[in-house]
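Novice: Give me the fold of what follows.
(one chain, ligands or ions: 1)
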Amino acid sequence: MKLFAPLALLPGGWDENVLVTVDARGDIESVDTGVAGAGADLHLDVLLPGVANLHSHAFQRAMSGLTEVSGPGQDSFWTWRQLMYRFVERLEPDDIEAIAAQLYLEMLRHGYTGVAEFHYLHRDTHGRYYADREELSLRCIAAAREVGIAITHLPVLYAHGGFGGSAPGDAQRRFLNDPDTLLSMVSTLADRFAGDADVRIGAAAHSLRAVTPQELTRLRDGLHELDAGAPLHVHIAEQSREVEDCIAWSGARPVQWLLDNQPVDAHWCLIHATHVTGEELRAMAASGAVVGLCPTTEANLGDGIFPAGEYQRQGGVFGIGSDSHVSTSPVEELRWLEYGQRLLYRQRNLLAGGAHRSTGSTLYTAALNGGAQALARSSGAIAAGRRADLVALDTGHAALAGRRNEQLVDAWLFAGNDSPVSDVFVGGRRVVEGGRHAAGDTVGQRYQAILQRLLKDL
Ligand SMILES: [Zn+2]
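Specialist: Residues are numbered from 1 along each chain as shown. From the prediction side, this is the model:
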């Protein structure tokens with residue numbers, strides 16, 4: 001298939017009259033510039049690489065907006081978690097698949113082309129394994145395949161209720177696993193999807209609260225014996241209480257502890273890392289790991305603000321995730337990443353990365369690179385050999401009127417709420433066409449029916 005666009009964002013910058021040839025496997029075969037579009041199968045206005053969403057808990061999409069009523073005392077992440085635990089009690093495999101399909105479809109429509117699913121729901125409502133231990137992983141992957149988003153699925157090791165290997169609570173019974181069982185699930189899933197270029201299997205440790213040092217080492221070694229390139233994700237330093245608890249347990253802050261005790265490198269993705277010192281920040285940047293920033297969730301939960309400007313100056317790698325899915329658009333994550341800094345420092349264009357640079361383009365490019373690295377996927381650039389994960393913008397959209405080159409990305413990210421995304425391709429497959437997804441009605445109706453039942457008397 002040949003795609004033509006008068007304007008496209010290539011690794012070297014914006015280029016004109018670009019013809020992208022995609023091979024039968026869904027990889028980009030060649031990119032030609034300054035050519036006529038006569039032989040193309042499809043003409044688009046503006047073509048960009050699609051960004052990966054590096055952090056998702058799919059089921060939480062169905063809870064979004066339900067935790068915005070104040071409680072009797074001070075509300076925090078921890079009060080939010082109580083509702084999340086109640087909601088989890090109700091979820092059956094069909095529910096999880098239906099919610100994930102609706103979520104992933106929304107992500108595609110907003111321009112995400114891949115997702116890393118940080119999947120910690122393994123057991124049934126009684127806390128028993130399903131007949132097929134990978135049942136709920138398979139449901140998430142089925143949802144991704146149904147709507148056509150690329151998925152890096154990360155079965156999560158969750159073994160304890162707090163630091164120091166403390167016993168988990170009853171509300172956590174659906175999450176529990178031990179390293180060897182989790183690794184056998186990873187292995188089964190990796191074998192099963194070995195031939196699918198749009199499904200990748202990695203793993204995650206839920207947090208330093210939920211795994212002991214020995215379990216984390218076993219997970220890391222086991223994962224990289226199975227697949228040396230597999231990504232390993234972990235929630236870290238999201239809450240200030242978590243930092244205090246970690247210091248009480250080990251004498252070190254969470255990021256400091258991790259960097260001192262694990263060979264953190266480019267295979268790792270540290271989710272949130274909100275509360276870090278300057279020293280931790282420099283060491284994280286030097287490690288090559290991706291920091292997974294989820295600005296809308298971090299704002300919604302009142303987590304705090306990551307020192308993104310300093311991290312960027314250190315050359316740190318980062319990407320974006322929607323985590324609890326209070327937003328399903330990369331626009332809002334990147335916008336709030338910058339706005340958080342502006343509100344904090346009362347200045348503008350803080351993440352532009354230097355003088356006379358476009359904030360939107362700098363952020364978008366960083367999210368492309370960090371997202372691809374965190375998903376261990378060869379996406380994030382319009383270049384030969386990369387996966388054809390692409391997004392097209394409609395220049396007829398009012399927000400983009402008269403914009404050229406980086407102004408287009410700035411306007412997309414900072415000028416309104418209506419999406420100018422017209423078409424989305426994943427592995428060369430056109431999954432969104434003219435702003436619409438072909439399965440939108442079916443997936444949407446199924447989701448509506450399931451939510452009516454799930455939210456009754458919650
Ligand atoms: Zn998370």
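
Novice: Please count neighbours and contacts with C-alpha atoms only from this point.
Specialist: OK.

Novice: Residue 222 in helix, strand or coil?
Specialist: Taking DSSP: H, G, I helix; E, B strand; the rest coil as the rule, one finds residue 222 in the helix state.

Novice: what's near enough to touch residue 148?
Specialist: Residue 148 makes contact with 426, 429, 431 under the criterion CA atoms under 8 Å, 6 or more residues apart in numbering.

Novice: Please apply the same query to residue 422.
Specialist: Contacts of residue 422 (CA under 8 Å, 6+ apart): 391-394, 432-436.

Novice: The helix or strand hosting it pairs with which strands?
Specialist: When secondary structure is defined using DSSP states H and E, the element that contains residue 422 is strand 421-426. Applying DSSP bridges to the sheet, strand 421-426 is found paired with strand 390-393 (antiparallel), strand 429-433 (antiparallel).

Novice: out of these, deepest packed?
Specialist: The highest average neighbour count among the strands paired with strand 421-426, using mean count of other CA atoms under 10 Å, belongs to strand 390-393 at a mean of 25.

Novice: for that strand, the distance to its chain's centre please.
Specialist: Its chain's average C-alpha position is 18 Å from that of strand 390-393, according to CA atoms, centre = their mean, to the nearest Å.

Novice: Packing partners of the following helix or strand past that strand?
Specialist: Counting by DSSP H and E, the next helix or strand C-terminal to strand 390-393 is helix 406-414. Using 3 or more CA pairs under 8 Å, 6 or more residues apart in numbering; DSSP states H and E as the contact test, the elements touching helix 406-414 are helix 330-345, helix 359-375.

Novice: so where do the strands sit in the stretch 1-150 of the chain?
Specialist: Remark: strands assigned in the stretch 1-150 of the chain by DSSP state E, counting those that start in this stretch are 2-10, 13-22, 28-32, 42-43, 46-49, 51-56, 112-119, 150-157.

Novice: Those strands: which one's closest to residue 261?
Specialist: Each of the strands of the stretch 1-150 of the chain was checked against residue 261 via CA to CA, and the shortest separation belongs to strand 150-157, namely 17.8 Å.

Novice: next helix or strand past the closest one?
Specialist: Downstream of strand 150-157, the first helix or strand assigned by DSSP H and E is helix 179-192.

Novice: Just the CA atoms of that following helix, as CSV, please.
Specialist: Listed in CSV are the C-alpha atoms of helix 179-192, where the atom choice follows Å, rounded to 0.1, in the frame of the first residue of the first chain:
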residue,chain,number,x,y,z
PRO,A,179,7.2,-14.9,40.3
ASP,A,180,7.3,-18.4,38.8
THR,A,181,3.6,-18.6,38.0
LEU,A,182,3.7,-15.2,36.5
LEU,A,183,6.7,-16.1,34.4
SER,A,184,5.0,-19.2,33.2
MET,A,185,2.0,-17.1,32.1
VAL,A,186,4.4,-14.7,30.3
SER,A,187,6.0,-17.6,28.5
THR,A,188,2.6,-19.1,27.5
LEU,A,189,1.4,-15.8,26.1
ALA,A,190,4.7,-15.1,24.3
ASP,A,191,4.5,-18.5,22.6
ARG,A,192,0.9,-18.0,21.7
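
Novice: For that helix, which outside residues touch it?
Specialist: Residues lying outside helix 179-192 but in contact with it, judged by CA under 8 Å, 6+ apart, are 133-134, 155-157, 200-203, 215-216, 218-219, 222-223, 226.

Novice: likewise stretch 154-162?
Specialist: Residues lying outside stretch 154-162 but in contact with it, judged by CA under 8 Å, 6+ apart, are 116-120, 137, 165-169, 172, 175-179, 182, 185-186, 201-207, 209-212, 219, 232-233.

Novice: what does the average pLDDT come to for it?
Specialist: Computed over stretch 154-162, the mean pLDDT rounds to 97.

Novice: Endpoint to endpoint, that stretch covers what distance?
Specialist: Stretch 154-162 has an end-to-end distance of 21 Å (CA to CA, to the nearest Å).

Novice: Show me the residue sitting in the middle of the protein in space.
Specialist: The central residue of the chain, meaning the one whose C-alpha is nearest the mean C-alpha position (CA atoms, centre = their mean), is residue 54 at 2.2 Å.

Novice: what about that residue, distance to residue 354?
Specialist: In this structure, residue 54 and residue 354 are 26 Å apart, going by CA to CA.

Novice: One more: residue 248?
Specialist: Counting by CA to CA - residue 248 and residue 354 are separated by 40 Å.

Novice: nearest to residue 145, of the contacts of helix 179-192?
Specialist: residue 200 (12.0 Å).

Novice: Checking the closest one next. Helix, strand or coil?
Specialist: strand.

Novice: Make a markdown table from the strands paired with strand 421-426 and add mean pLDDT to it.
Specialist: Converted to a markdown table, the strands paired with strand 421-426 look like this (pLDDT from 0 to 100):
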| stretch | mean pLDDT |
| --- | --- |
| strand 390-393 | 98 |
| strand 429-433 | 98 |
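
Novice: could you dump these to a markdown table with distance to residue 363?
Specialist: Rendered in a markdown table, the data for the strands paired with strand 421-426 read as follows (distance: least, CA to CA, whole Å):
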| stretch | distance to residue 363 |
| --- | --- |
| strand 390-393 | 16 |
| strand 429-433 | 24 |
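
Novice: buried set for the least confident helix or strand in the chain by mean pLDDT?
Specialist: Of all the helices and strands that make up the chain, helix 77-88 has the lowest average by mean pLDDT, DSSP states H and E, namely a mean of 84. By neighbour count on 16 or more other CA atoms under 10 Å, the buried set for helix 77-88 is 84, 87-88.

Novice: Go through those and say which is closest to residue 415.
Specialist: Top of the list for closeness to residue 415, among the buried residues of helix 77-88 and by CA to CA, is residue 84 at 33.0 Å.

Novice: Which neighbouring residues are in contact with the closest one, exactly?
Specialist: If a contact means CA under 8 Å, 6+ apart, then residue 84 has 60, 63 as its contacts.

Novice: Compute the number of surrounding residues for residue 193.
Specialist: Look at residue 193: counted by other CA atoms under 10 Å, it has 14 neighbours.

Novice: so what's it scoring on pLDDT?
Specialist: Here the pLDDT value assigned to residue 193 is 98.

Novice: any idea how far the nearest residue to it once chain neighbours are set aside lies from residue 145?
Specialist: Take residue 193 and drop its neighbours on the chain: the residue closest to it by CA to CA, 6 or more residues apart in numbering is residue 199, 6.4 Å away. Plainly put, residue 199 is 8 Å away from residue 145 if you go by CA to CA.

Novice: same check, this time on residue 30
Specialist: From residue 30 over to residue 145 the distance is 26 Å, taken as CA to CA.

Novice: next one: residue 279
Specialist: When CA to CA is applied, the distance between residue 279 and residue 145 equals 42 Å.

Novice: same thing with residue 74?
Specialist: Separation of residue 74 from residue 145 (CA to CA) stands at 41 Å.

Novice: more neighbours, the two?
Specialist: The neighbour count for residue 74 versus residue 145, taken as other CA under 10 Å, is higher for residue 145 (16 against 7).

Novice: For residue 307, give me its contacts.
Specialist: With contacts taken as CA under 8 Å, 6+ apart, residue 307 has the following neighbours: 274, 341.

Novice: and the chain, what are its domains?
Specialist: If the domains of the chain are taken from automatic domain parsing, they occupy 2-48+382-441, 51-375, with pieces of a single domain joined by a plus sign.
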